[in-house]
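Peer 1: Please find the sequence and the predicted model below.
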Amino acid sequence: MKVKTYLGNAIDVAGDKAKYDGEAKKLTSDKNILAWIVKYTVEELKDCTLREIADCIEGNPEIAEIPVYPGKRKTDAITGMSMEDKVPGEGEVFYDIRFYIVTPKEERIKLILNVEIQKNYYPGYDLVTRAIFYCARMLSSQMDTEFTADNYDEIKKVYSIWICLDSPRCEADSIVRYHMMPEPVVGENTVNHRYDLLTVVMIGLNENSSHAGKTPLHGILGTLYSDELTPEEKVDILSNRYGIETTAEMKEDMRQMCNLSDAIEEKGIEKGIEKGKERINNLYRKLKKDGRTNDVLKAIDDADYQKQLLKEYEL
């Protein structure tokens, strides 16, 4: 069922926000897009071609529309690798996108990758700590599936890759890797132990990121998530500049994402008009321009937070 634009819809902001996030994740889970992400973030595959990487991705990358924490249930996901990690006594976690990849080299190393699309760079905690937690869960959930208690050598390495859409200016167009390294404290370490089992990668983007990013990956992601470009312009840039074949499904996803972005903004403005506060309308527009859609949603129903934002923007 196709999503109409806001002009023909009486929409619910929270509902359309979830749909918008779902479209963004569907686009990102396309193997051609994932191949570019893997090329720039996964050490084991950096020397492979994009075609080789795409062919190494096993099955259909699994996506969940919204992350679900303990006590919640996922709403919708495509068939593929399970997004849900259930560990006794630890609750459950859902990932945005998770998939297996097997390197084309002779060793045929199997890796487990998780890709998260993060719109709020300052959620009240350090994002890297959450990413490390996701890695830990992907490791522990392999018990009795990838390895057993009498053979820990079968543990598969995991990656948690975070695409941060509203990074501060100093971290825009950046890629930062966090991983384990041995550090001899006394004496020398002469044994080649297997320790490199988890890696976190943070990809920095913000509202100024575009198809002219520092790397092709930043350019592709800046194009994909742009609020300024039309679906047709996105297709043209992805195809002609980066050689990405855009399927009819990808084009429709981009079209729906753009429509939903307009719908979210328009609904916030409509609610402001209902309250008769022109400065509220200005606030919503500024938040949207700054890529702070989550704050629009929160401000609509939280008067105190709305006042805080008005003060922040000096309105």
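Peer 2: Perfect, I can see it now. Numbering: from 1, shown residues only.
Peer 1: Helices of the stretch 101-250 of the chain, start to end?
Peer 2: Using DSSP state H, counting those that start in this stretch, the helices of the stretch 101-250 of the chain run over 127-140, 216-224, 231-240, 248-274.
Peer 1: Tell me where the model's unsure across the stretch 51-200 of the chain.
Peer 2: Across the stretch 51-200 of the chain, the ranges flagged by pLDDT under 70 are 64-91, 106.
Peer 1: Any idea which of the helices of the stretch 101-250 of the chain gets closest to Ile97?
Peer 2: helix 127-140 (11.6 Å; Cβ to Cβ). The way it works is simple: take the backbone N, C-alpha and C, and place the C-beta from them, glycine included.
Peer 1: List the buried residues for the closest one?
Peer 2: Judged by neighbour count using 16 or more other Cβ atoms under 10 Å, the buried positions of helix 127-140 are 127, 130-131, 134-135, 137-139.
Peer 1: Of the residues you listed, which is the nearest to Leu165?
Peer 2: Of all those, the one sitting nearest Leu165 is Leu127; the distance, using Cβ to Cβ, is 11.7 Å.
Peer 1: List the contacts of that closest one.
Peer 2: 118, 121, 162, 164, 202 (Cβ atoms under 8 Å, 6 or more residues apart in numbering).
Peer 1: Narrow these to those in strands?
Peer 2: Applying DSSP state E to these, the entries found in strands are 118, 162, 164, 202.
Peer 1: Among these, which pair sits farthest apart?
Peer 2: Farthest pair in these, by Cβ to Cβ: Gln118 and Met202, 8.9 Å.
Peer 1: okay if I get the buried residues of helix 127-140 as TSV plus distance to Asp304?
Peer 2: As requested, the buried residues of helix 127-140 are exported to TSV (distance: Cβ to Cβ, whole Å):
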residue	distance to Asp304
Leu127	25
Arg130	26
Ala131	30
Tyr134	31
Cys135	36
Arg137	34
Met138	38
Leu139	40
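Peer 1: need the strands for the stretch 1-150 of the chain, in chain order.
Peer 2: Counting by DSSP state E, counting those that start in this stretch, the segments of the stretch 1-150 of the chain that form strands are 57-63, 84-86, 92-94, 97-102, 110-118.
Peer 1: Check the separation of the first and last residues in stretch 96-109.
Peer 2: From its first residue to its last, stretch 96-109 covers 23 Å (Cα to Cα, to the nearest Å).
Peer 1: so what's the most centrally placed residue in the chain up against?
Peer 2: The C-alpha lying nearest the average C-alpha coordinate of the chain belongs to Ile117 (Cα atoms, centre = their mean; 1.6 Å). With contact taken as Cβ under 8 Å, 6+ apart, Ile117 is in contact with 21, 24-25, 28, 96, 163, 165.
Peer 1: I'd like the distance between it and Val191.
Peer 2: Distance of Ile117 to Val191, given as Cβ to Cβ, to the nearest Å: 40 Å.
Peer 1: what do you get for Glu232?
Peer 2: Shown here: Glu232 relative to Val191, a distance of 57 Å by Cβ to Cβ.
Peer 1: Ala35 is in contact with Leu45, isn't it?
Peer 2: No. Ala35 is not in contact with Leu45 according to Cβ atoms under 8 Å; the separation is 9.0 Å.
Peer 1: returning to that earlier point: quick check: neighbours shared by Gln118 and Met202?
Peer 2: The contact sets of Gln118 and Met202 overlap at 127, 162, 164 (Cβ under 8 Å, 6+ apart).
Peer 1: circling back to that earlier point, just want to know which of Gln118 and Met202 has more residues nearby.
Peer 2: The residue with more neighbours, out of Gln118 and Met202, is Met202; 23 against 20, by other Cβ atoms under 10 Å.
Peer 1: Now do that one against Tyr225, distance only.
Peer 2: For Met202 relative to Tyr225 (Cβ to Cβ), the value is 16 Å.
Peer 1: residue contacts, the nearest residue to His193 once chain neighbours are set aside?
Peer 2: Leaving out its chain neighbours, the residue that sits closest to His193 by Cβ to Cβ, 6 or more residues apart in numbering is Pro182, at 7.4 Å. Residues in contact with Pro182 (Cβ under 8 Å, 6+ apart) are 189, 193, 195.
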